[in-house]
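# Quick check, what structure comes out for this input:
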Amino acid sequence: MIRVTSLLRSLQSAACVLLLAACQGSLTAPSGDVLSGTSWELVAIQSPDAAKAHLSIAEPARFTLHFGADGRAALRLDCNRGTGAWQAVASSANAGALTFGPIATTRALCAAPHLDERVARELTQLRSYAISHGRLRLSPTTDGGFLAWQPQRQR
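Sure thing, here's the model as predicted:
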């Protein structure tokens, strides 16, 4: 009986060590430390197209982005939700390269204007980020446009 108890304790200890090691690896922050753990609301979409140059978001709280410390982003895209992997490489204290993997979203039909799919698509086409005057500017690889975000207000 003593051998069985000793063996069980050894197995429990080994399982705890493995579990802690696995947890530590999954909590490693992406290299974009300045973004890790932050939450933002979309306030404007600036398009390179002169006909649609600037679109202010009437309800910024309907479009939110949270950069998880585990490299996952959580999104509210109007009436939909989304999630995807993100990675940032800082080039200075408040700017750098930013990429998103594919973003999985729910598929509810939101009321017009339908910006949920556009925002999700543009996030997967990002090339850079910059934080200036408390605002986050995400620039897609397309010519000249950007998404402007403000810190998410606590509700």
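# partner residues bridging A85?
With DSSP bridges as the criterion, A85 is bridged to R72.
# ok, it - contacts?
A85 makes contact with G71, R72, A73, F100, G101, according to C-beta atoms under 8 Å, 6 or more residues apart in numbering. Bear in mind the C-beta positions are built from the backbone N, C-alpha and C, glycine included.
# tell me the pLDDT at the first one?
As predicted, G71 sits at a pLDDT of 97.
# residues in contact with stretch 64-76?
Counting by C-beta under 8 Å, 6+ apart, 26-30, 32, 35-42, 61-63, 81-87, 100, 103, 105, 120, 123, 149, 152 sit against stretch 64-76.
# try it again with 7 Å
With C-beta atoms under 7 Å, 6 or more residues apart in numbering as the test, stretch 64-76 has contacts from 26-27, 29-30, 35-41, 62-63, 81-87, 100, 103, 149, 152.
# Now it: buried residues?
Using 16 or more other C-beta atoms under 10 Å as the test for burial, stretch 64-76 gives T64, L65, H66, F67, G68, G71, A73, L75, R76.
# one step back: out of the contacts of stretch 64-76, which end up buried?
Buried, going by 16+ other C-beta under 10 Å: 30, 35-36, 38, 40-41, 62-63, 82-84, 86, 100, 103, 149, 152, out of the contacts of stretch 64-76.
# ok, these vs A112, which is closest?
When the buried ones among the contacts of stretch 64-76 are compared for distance to A112 (C-beta to C-beta), R62 comes out closest, at 12.9 Å.
# quick one, what contacts that closest one?
R76, D78.
# From R81, how far off is it?
11 Å (C-beta to C-beta, to the nearest Å).
# and the closest residue to R127 other than its chain neighbours, how many neighbours?
The shortest distance from R127 to any non-neighbouring residue, by C-beta to C-beta, 6 or more residues apart in numbering, is to T141 (4.7 Å). T141: 12 surrounding residues under other C-beta atoms under 10 Å.
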